[in-house]
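Visitor: structure for this input, please:
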Amino acid sequence: MDLFDIDSTINLLPKDGTVNYYGKVFNQNEANSYLEVLLNTIKWRNDEAIIFGKKIITKRKVAWYAEEPFEYTYSKTTKRALPWTKELLELKTSIEQKTGDTFNSCLLNLYHDGSEGMAWHSDGEKDLKKDGAIASLSFGAERKFSFKHKKTKEKIDLILKHGSLLVMKDTTQRNWLHRLPPTKLILKPRVNLTFRTIEKK
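Guide: Here you go, the predicted structure:
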């Protein structure tokens, strides 16, 4: 499916976590179709965060979908999940078959162009299954994605392609930060879907 045979069993991290890159798991036509549908049918909203006590509204847009109306809190703001769309369920099923993991929710991000990114962070919210898998699907513009070890500061960079899948699991969120660095070179949008498992109360 990818131009090169990518070995998804290889761990991209040298230690303290597991990251597997599957490359393109959808062909060009499938990826284009999903990008179009996601851009036009997802209920996108500008993201909100509380930083140093101030409410920040981001240009980047987000959406939160799940099998139940879960509440999910990060950056000191809480979101209530919307019910799955047909396409999100299709993608979830496909990713579960490829990874062997199961997911009950999805946080989506819309980056309108390269000027929008994400600062260093880890997905360690208390609502998430501890050391559970997070499957990240990318559609649209190819973007650089980076990891940085919390203690040693060593970095790993890769390019996330249109229609590609990246899975982070085990102790990755405890030991590594990740980010999507901004760039002025990219003018097209990117949609990122991160399938997650919320622990049911």
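Visitor: what's the first-to-last distance across stretch 90-110?
Guide: Using CA to CA, to the nearest Å, one end of stretch 90-110 lies 19 Å from the other.
Visitor: pull out the buried positions in it.
Guide: Buried residues in stretch 90-110, counted by 16 or more other CB atoms under 10 Å: 91-92, 95, 99, 101, 103-110. To be clear about C-beta, it is placed using only N, CA and C from the backbone, and glycine gets the same treatment.
Visitor: need the contact partners of that stretch.
Guide: 22, 25, 34, 38-39, 42, 44, 47, 60-68, 70, 72, 81, 84, 88, 118, 132-133, 135, 137, 165, 167, 169, 189-198 (CB atoms under 8 Å, 6 or more residues apart in numbering).
Visitor: average model confidence for that stretch?
Guide: Here stretch 90-110 scores 97 as its mean pLDDT.
Visitor: which one of the buried residues of stretch 90-110 sits closest to residue 179?
Guide: Comparing the buried residues of stretch 90-110 against residue 179 with CB to CB places residue 109 closest, at 12.4 Å.
Visitor: you'd agree residue 147 is up against residue 173?
Guide: No. When contacts are counted by CB atoms under 8 Å, residue 147 is not listed as touching residue 173 (10.9 Å).
Visitor: what pairs with the helix or strand where residue 108 lies, and is each one parallel or antiparallel?
Guide: Residue 108 belongs to strand 105-111 when elements are defined using DSSP states H and E. Strand partners for strand 105-111, identified by DSSP bridges, are recorded as strand 54-66 (antiparallel), strand 190-196 (antiparallel).
Visitor: next SSE after it?
Guide: Where DSSP H and E defines the elements, the next helix or strand beyond strand 105-111 is strand 118-121.
Visitor: show me what that next one is in contact with.
Guide: Outside strand 118-121, the residues touching it (CB under 8 Å, 6+ apart) are 60, 109, 148, 177-180.
Visitor: from those residues, which two are the most distant?
Guide: 60 and 148 (20.3 Å).
Visitor: rewinding a little: for the contacts of strand 118-121, which one is nearest residue 54?
Guide: residue 60 (17.2 Å).
Visitor: what residues are up against that closest one?
Guide: 46-47, 109-112, 116, 118.
Visitor: residue 69 now?
Guide: 80-83.
Visitor: now with 6 Å?
Guide: Residue 69 makes contact with 80-81, according to CB atoms under 6 Å, 6 or more residues apart in numbering.
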